[in-house]
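>>> Based on what follows, work out the 3D shape:
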Amino acid sequence: MRQIQNAAIPDTATLLRRRRASRRARGAVASVCRYLFLLAVAYVLIYPLFFMLSTSVKAPSQFNDPSVTWLPREFTFGGFQLAFTCLNYVKSVLSTLKYEIVSALLEIASCAIVAYGLARYRFRGKKVLMVLLILTILVPEQMTIVPKVVNFSRLDFLGIFSLLNRVTGVDLRANLLNTGFCFWLPSLFGVGLRSGIIIYIYIQFFKGMPKELEEAAWIDGATPLKTFLRIVIPSSTVVIFTVTIFSVIWHYNDYYLAVMYINRDFPLAVALTQIRDTLTTLGYWSFDGVSNAATMAGCVLFVSPMLILYVLLQRKFIQSIDKIGITG
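Predicted coordinates for the structure are as follows:
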């Protein structure tokens with residue numbers, strides 16, 4: 001009787017093997033579900049890119065062929081040639097570098113200075129400035145674009161030039177529209193495109209830096225500016241890398257400010273929105289195969305620089321996001 005009872009009760013080794021097998025099974029199921037979820041998300045994200053690439057290399061005769069869905073029977077790069085011409089690609093890229101990328105680099109530097117002052121120093125009105133910083137994040141550009149355009153059309157400094165105009169009759173107010181100063185000046189003073197978000201990211205990082213590094217520099221006789229340049233900036237490469245990626249992509253994709261401030265030498269984002277009108281001017285119907293291929297090719301030419309940049313830097317970018325710890 002005892003032998004039958006002992007045979008019915010599994011030993012400890014058997015129980016451990018069963019538990020391990022159960023854990024492995026649950027882990028395998030969880031891994032499969034995780035991979036399926038990631039594949040679904042990847043499909044949603046990559047589908048537009050695949051569609052653009054497939055459409056841009058189709059021959060015009062294949063757009064009305066229902067049997068051609070993804071892979072064309074005949075590859076052609078005429079759409080890229082036409083898109084390159086319609087976008088005036090080289091000139092548009094140079095305009096993007098001139099207006100947008102320079103503004104992004106100025107913004108990265110100026111926002112670091114502003115954020116360091118807000119994160120490290122105590123002064124009167126600091127809470128008011130923080131509230132204004134949050135407002136710059138919440139208030140969209142569409143609500144402030146009219147006064148900005150008016151100010152840039154007649155640039156004044158505290159009403160001094162306007163007063164001189166009334167007294168002397170000489171109008172010294174400069175018209176900065178259609179110049180790069182409409183983009184450079186706001187970035188230089190820390191109020192450019194999405195500067196509030198960049199300042200906020202900087203503040204979160206500077207608050208986490210050990211103060212002992214700066215105090216040691218002050219004991220050695222370093223001024224606050226020298227401490228910022230020699231100690232803080234070399235220790236902030238992680239956050240600088242993060243905001244550089246954000247700022248460059250945001251400025252590269254900017255359409256609204258560019259179309260409001262200038263009416264010639266448009267950057268690439270504006271040129272892409274006008275590609276349909278350009279194709280119509282050249283005699284192509286808006287929805288024929290040539291026009292569709294050229295439009296998709298223009299989209300590929302537009303996203304390619306930033307896509308290549310992200311592919312090259314995505315590992316460092318993800319590591320930097322993990323290290324700076326953006327919190328509320």
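>>> Show the contacting residues for residue 220.
Residues near residue 220 by C-beta atoms under 8 Å, 6 or more residues apart in numbering: none. For the C-beta atoms, the positions are set from N, CA and C on the backbone; glycine is no exception.
>>> so who does the residue nearest the centre of the chain touch?
Nearest residue to the geometric centre of the chain (C-alpha atoms, centre = their mean): residue 249, 3.2 Å. Residues counted as contacts of residue 249 (C-beta under 8 Å, 6+ apart) are residue 306.
>>> element containing it?
Using DSSP states H and E, residue 249 sits within helix 237-252.
>>> Run the chain-centre distance for that helix.
Chain-centre distance of helix 237-252: 7 Å, with C-alpha atoms, centre = their mean, to the nearest Å.
>>> Give the next helix or strand downstream of it.
Moving toward the C-terminus from helix 237-252, the next helix or strand (DSSP H and E) is helix 256-261.
>>> Can you name every helix or strand that the following helix or strand past that next one contacts?
Using DSSP H and E, the helix or strand that follows helix 256-261 in sequence is helix 268-273. Applying 3 or more C-beta pairs under 8 Å, 6 or more residues apart in numbering; DSSP states H and E, we find helix 268-273 packed against helix 78-87, helix 89-96, helix 256-261, helix 289-324.
>>> report the angle between the axes of the last one and helix 89-96?
Direction vectors for helix 289-324 and helix 89-96, defined by axes from the mean of the first three to the mean of the last three C-alpha atoms, to 10 degrees, enclose an angle of 30 degrees.
>>> Please name whichever of the helices and strands packed on helix 268-273 is nearest to residue 66.
Nearest to residue 66 among the helices and strands packed on helix 268-273 is helix 289-324 (13.8 Å), distances taken as C-beta to C-beta.
>>> Tell me which stretches of the stretch 51-200 of the chain form strands.
Along the stretch 51-200 of the chain, no segments are classed as strands by DSSP state E, counting those that start in this stretch.
>>> quick one: the helices in it?
78-87, 89-96, 102-120, 126-138, 145-153, 160-168, 181-188, 195-208 (DSSP state H, counting those that start in this stretch).
>>> Need those in JSON lines (columns: mean neighbour count and distance to residue 225).
Output for the helices of the stretch 51-200 of the chain, formatted as JSON lines (neighbours: other C-beta atoms under 10 Å; distance: least, C-beta to C-beta, whole Å):
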{"stretch": "helix 78-87", "mean neighbour count": "20", "distance to residue 225": "44"}
{"stretch": "helix 89-96", "mean neighbour count": "17", "distance to residue 225": "33"}
{"stretch": "helix 102-120", "mean neighbour count": "20", "distance to residue 225": "9"}
{"stretch": "helix 126-138", "mean neighbour count": "12", "distance to residue 225": "19"}
{"stretch": "helix 145-153", "mean neighbour count": "13", "distance to residue 225": "30"}
{"stretch": "helix 160-168", "mean neighbour count": "12", "distance to residue 225": "28"}
{"stretch": "helix 181-188", "mean neighbour count": "20", "distance to residue 225": "17"}
{"stretch": "helix 195-208", "mean neighbour count": "20", "distance to residue 225": "15"}
